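Student: requesting a structural model of the entry that follows:
(2 chains)
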Amino acid sequence: MDTLFLEFFQNTGFYLCDYRNIIMIVIGLVFIYLGISKDYEPLLLVPIGFGMLMGNIPIFKGLGLGIYESNSVLHYLYFGVTQGIYPPLVFLGIGAMTDFSTLLARPILMLLGAAAQTGIFITFLGALALGFLPNEAASIGIIGGADGPTAIFLTAKLAPHLIGPIAVAAYSYMALVPVIQPPIMRLLTSRKERLIRMEEPREVSKREKMIFPIVAFLLCCFLAPAALPLLGMLCFGNVLKEAVVTERLAVTARTSIIDIATILLGVTVGASTQGDVFLTSKSVGIFILGAVSFCIATACGVLFAKFMNLFLKSKINPLLGAAGVSAVPDSARVVQIVGQQEDPTNFLLMHAMAPNVSGVIGSAIAAGVLWSLMAKAM
Amino acid sequence: MYGIEAITANNGWAISAVGITIVFSGLVLLSFVIAQLHKGLDLYENPQKIKGWFSLKKKPVKESDNSLETEGILLVLTEEQKEIAKQFALLVSTLEDHFSLPRLLELARISGVKNFHSNLNILLKSDILFPDKEGFFCWDQDLYIETISH
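Tutor: Numbering: from 1, shown residues only, chains lettered A, B, ... in the order given. Coordinates of the predicted model:
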């Protein structure tokens, strides 16, 4: 009987526990705390945080419980991440809930979304310089796009062994948008610039909104075909929304489908952060580079807005550049908050949504470009 | 391998340059197409404007720089728009030479002019109504007569 008890004890988490599991469990608890108490991206941080708890329960290998064991339930659910299935489903939902009106009213703001993607490629260079392989560097660079599903999608294709740290870094920085972006925005703009008021956008017709996703899809995917899975679903979701006659499908896409995909994506990505796999020097490097990437992307957007103002008659508020990173709609909200700190009567939110949604398109194109360039190199 | 050497060895500079260029080109192209989209739709919804272009080509070119542009817009007025222009002419005749636009709009509203906002916009675009640069507007009677006589 003593032997049975001893054998049972040796299979418990208390016996098998490693300090790395404890560290990851603490990080998971922090994620859950930030999500629930601070309201930082709760829909993402809570599933990821709980997934971290699930992934770091010390288990006896061979029972088919761990996410990296081929016959485990978690492994089957993780299949959607490793094969890049969940991100396009998330994009379908995003498309079905996004209103492109402000972008259509002022298309020039789309350039801010392009400028912010520069951070991706600068970080790609930084990662190469730090000794990462090109496919790993590309996956790290995409964190600067501040687009979790895109980062996971590209990493699943190029560097599946880095999905855990990259996904956690991408979602962490997305959640920390209100903390990371404002100091950069204030540093790079004068008070006078932050006070600039934007012109009222023109009214956009229903027909324009209906045609836009089709034109955007065809144009962008002809240019960067590798962006097809993400942009295709994003634009398809938007077509469902704008077509009106497919409202039932649009509702399903923006509620049930995106919710299911987000839950499975969050939990399995969280569970993939097993301490022994996750806590490596590479992960630390990815976290540092991710932060750098995010900061560069924000700075590029703001600086490009200032550059555009050199040529524009009707000046744009350079704070809008920060919304070029595609953390929808958090970075647009940050622009609104920083703008209103200078002038409480200045409403920038709807204007910031234009670079924000163009950032989503831009990061998907960037991912497509990197994928196609790396696939040839691999 | 680390640093610049690693970037160069992995063709990093070229990949970054190509990547940034493609992302920018894609979004610039898309923004250009979007900027033209509403104009294209406007033509689709008002095909008489296209007819107006072709009619314009048959007309002799006038000496004045403004005449060309004005002529182009003159030709797109439909019969209904001409009728409404006549109603506006009557209203303007009750005002002073330099009048405020809100006053004219108010009169149009009271008089029951159909779609007075959009029709006033057409008169502004055709330069029949033009700003005096002091905050008021004037009525170009010659241009008006020329317009409705077409």
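
Student: against residue A:265, how distant is the spatially most central residue of chain B?
Tutor: For chain B, the residue nearest the mean C-alpha position is residue B:125 (6.6 Å; Cα atoms, centre = their mean). Separation of residue B:125 from residue A:265 (Cβ to Cβ, to the nearest Å): 52 Å. (Each C-beta comes from the backbone N, C-alpha and C, glycine too.)

Student: ranges for the strands of chain B?
Tutor: For chain B, the strands defined by DSSP state E occupy B:129-131, B:137-139.

Student: ok, which of those comes nearest residue A:204?
Tutor: strand B:129-131 (26.6 Å; Cβ to Cβ).

Student: show me the shaky parts of chain B.
Tutor: B:55-76, B:150 (pLDDT under 70).

Student: contacting residues for residue A:341?
Tutor: Applying Cβ atoms under 8 Å, 6 or more residues apart in numbering or on different chains to residue A:341 gives no contacts.

Student: mind telling me what element it is part of?
Tutor: Element membership of residue A:341, judged by DSSP states H and E, is helix A:330-342.

Student: any buried residues in that helix, and which?
Tutor: A:330-339, A:342 (16 or more other Cβ atoms under 10 Å in any protein chain shown).

Student: name the next helix or strand downstream of it, please.
Tutor: Counting by DSSP H and E, what follows helix A:330-342 is helix A:349-377.

Student: do you know how far residue A:27 is from chain B?
Tutor: Counting by Cβ to the nearest Cβ, to the nearest Å, the gap from residue A:27 to chain B is 29 Å.

Student: next: residue A:262.
Tutor: 26 Å.

Student: that residue: how many residues sit nearby?
Tutor: 20 (other Cβ atoms under 10 Å in any protein chain shown).

Student: next one: residue A:172
Tutor: 24.

Student: just residue A:61 next, same as before
Tutor: 10.

Student: look up phi and psi at it.
Tutor: Backbone torsions of residue A:61, given as degrees, to the nearest 10, read phi -60, psi 140.

Student: OK, contacts around it?
Tutor: Per Cβ under 8 Å, 6+ apart, neighbours of residue A:61: residue A:69.

Student: confidence score at it?
Tutor: On pLDDT, residue A:61 comes in at 73.

Student: equivalent analysis for the one 3 residues further on, please.
Tutor: Residue A:64 carries a pLDDT value of 78.

Student: what does the one 5 residues further on give?
Tutor: Per-residue confidence for residue A:69 comes out at a pLDDT of 85.

Student: again, but for the one 5 residues further on
Tutor: As summarised for this prediction, residue A:74 has a pLDDT of 91.

Student: and the next helix or strand past the helix or strand harbouring it?
Tutor: If you go by DSSP H and E, residue A:74 is part of helix A:73-82. Next in sequence after helix A:73-82, counting helices and strands by DSSP H and E, comes helix A:86-97.

Student: and residue A:239, how far from chain B?
Tutor: 15 Å.

Student: next secondary structure after the helix or strand harbouring that residue?
Tutor: Under the criterion of DSSP H and E, residue A:239 resides in helix A:228-242. Sequence order places helix A:247-252 as the next helix or strand after helix A:228-242, per DSSP H and E.

Student: mind listing what's buried in that following helix?
Tutor: With burial defined by 16+ other Cβ under 10 Å, the residues of helix A:247-252 counted as buried are A:249-250, A:252.

Student: how about stretch A:6-21?
Tutor: Judged by neighbour count (16+ other Cβ under 10 Å), stretch A:6-21 contains these buried residues: A:20-21.

Student: got the end-to-end distance for it?
Tutor: Stretch A:6-21 has its terminal residues 22 Å apart, counting by Cα to Cα, to the nearest Å.

Student: which strand or helix spans the closest residue in space to residue A:291 that isn't next to it in sequence?
Tutor: Of all residues not flanking residue A:291 in the chain, residue A:173 sits nearest, at 6.5 Å (Cβ to Cβ, 6 or more residues apart in numbering or on different chains). Per DSSP H and E, residue A:173 falls inside helix A:163-175.

Student: so the helix holding residue A:239 versus helix A:349-377, what angle?
Tutor: 150 degrees (axes from the mean of the first three to the mean of the last three Cα atoms, to 10 degrees).

Student: dump the residue contacts of residue A:253.
Tutor: Per Cβ under 8 Å, 6+ apart, neighbours of residue A:253: A:92-93, A:95-96, A:237, A:240.

Student: now swap in residue A:109 and tell me
Tutor: A:102-103, A:316, A:320, A:351, A:354-355, A:358.

Student: what mean pLDDT does stretch A:97-113 have?
Tutor: Mean predicted confidence for stretch A:97-113 is 90.

Student: any bit of the top helix by length along chain B sitting next to chain A?
Tutor: Assignment by DSSP state H gives helix B:12-45 as the longest helix of chain B. Yes: Helix B:12-45 reaches chain A (Cβ under 8 Å from any Cβ of the partner chain) through B:12-13, B:15-16, B:18-20, B:22-35, B:37-38, B:41.

Student: let me see the contact set for the residue of the stretch 201-350 of chain A found nearest chain B.
Tutor: Using Cβ to the nearest Cβ, residue A:223 is the residue of the stretch 201-350 of chain A that sits closest to chain B, at 4.7 Å. Applying Cβ under 8 Å, 6+ apart, we find residue A:223 in contact with A:365, B:22, B:25-26, B:29.

Student: among these, which one sits closest to residue A:128?
Tutor: residue B:22 (18.7 Å).

Student: with that, I have no additional questions.
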